[in-house]
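**Q** For reference, the sequence and a predicted model appear below.
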Amino acid sequence: MKFFLDTANLGQIKEAASWGILDGVTTNPTLISKENVKFEELIKEITRIVPGPISVESVSTKAKDIVKEAESLAKMADNVVVKIPICVEGLKAIRELSQRGVQVNTTLIFSPLQALLAAKAGARYVSPFIGRLDDIAHPGMDLVEQTMIMFDNYGIETEVIVASIRHPLHVVEAGLIGADIVTVPFPVLEKLVKHPLTDIGMERFLKDWAKVKR
Ligand code: E4P
């Protein structure tokens, strides 16, 4: 499983990158709005810290404008992946961009059919938002499972990024389903490493080591 960090915060990205397990980063307009850094500088810095794919979202609404914006975002660095929300104009843009070699992550996926269409249009990644579905009492992980089954049935190579992750159990479930990628907020990533029994065990080992004659 690949681990992406779902943030635009440079401190968090540097810290997670130092752990040696970070494969990429996903940003969105909301995450970027929280940072007090100019947009282009911020993206370029993220692409320098993490060599893997960095998703940056297009905010245009017409296919022609999405394509233009996506091409300028993709020029910022070789590892930029353009995030495009699923919609008819988005599909037209994805087709055009994939033919021009721009990698697309289709975002705001809430049904397996949206994922299937995005993949058919040429998206490199699709991002089902599971937490936002859970929030309205629809099991988000069902969407991931159905998407994975459909992709498997047709040998579709588009990778599934499990997005809108709220807690470690989402990551466990994504792993059991065999999702390609999880994109996690930093506080969730920190929780993945922790276990109270590990802390107790480490404390006991250190205490006992202090008693050893050396
Ligand atoms: C994914 O690419 C999105 O940036 C993100 O996971 C959205 O999560 P949220 O529902 O917590 O805003």
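**A** Structure received.
**Q** number of nearby residues for Glu45?
**A** 15 (other CB atoms under 10 Å). For the C-beta atoms, the positions are set from N, CA and C on the backbone; glycine is no exception.
**Q** other SSEs contacting the helix or strand that contains it?
**A** Element membership for Glu45 (DSSP states H and E) is helix 39-49. For helix 39-49, the elements it packs on are helix 10-18, strand 54-57, judged by 3 or more CB pairs under 8 Å, 6 or more residues apart in numbering; DSSP states H and E.
**Q** so which helix or strand takes in the residue positioned nearest the centre of the chain?
**A** The chain has Thr183 as the residue nearest its centroid, 3.4 Å off, counting by CA atoms, centre = their mean. Using DSSP H and E, Thr183 sits within strand 181-184.
**Q** Next to the ligand in this structure, residues from the chain, please.
**A** By the rule CB under 6 Å from any ligand atom, the part of the chain lying against the ligand is 6, 26, 28, 107, 127, 129, 131-132, 163-164, 183.
**Q** would TSV of the residues you listed with secondary structure be doable?
**A** Formatted as TSV, the residues of the chain next to the ligand follow (DSSP: H, G, I helix; E, B strand; the rest coil):
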residue	secondary structure
Asp6	strand
Thr26	strand
Asn28	coil
Thr107	strand
Ser127	strand
Phe129	strand
Gly131	helix
Arg132	helix
Ala163	strand
Ser164	coil
Thr183	strand
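**Q** and those residues, which are buried?
**A** For the residues of the chain next to the ligand, a burial check counting by 16 or more other CB atoms under 10 Å picks out 6, 26, 28, 107, 127, 129, 163-164, 183.
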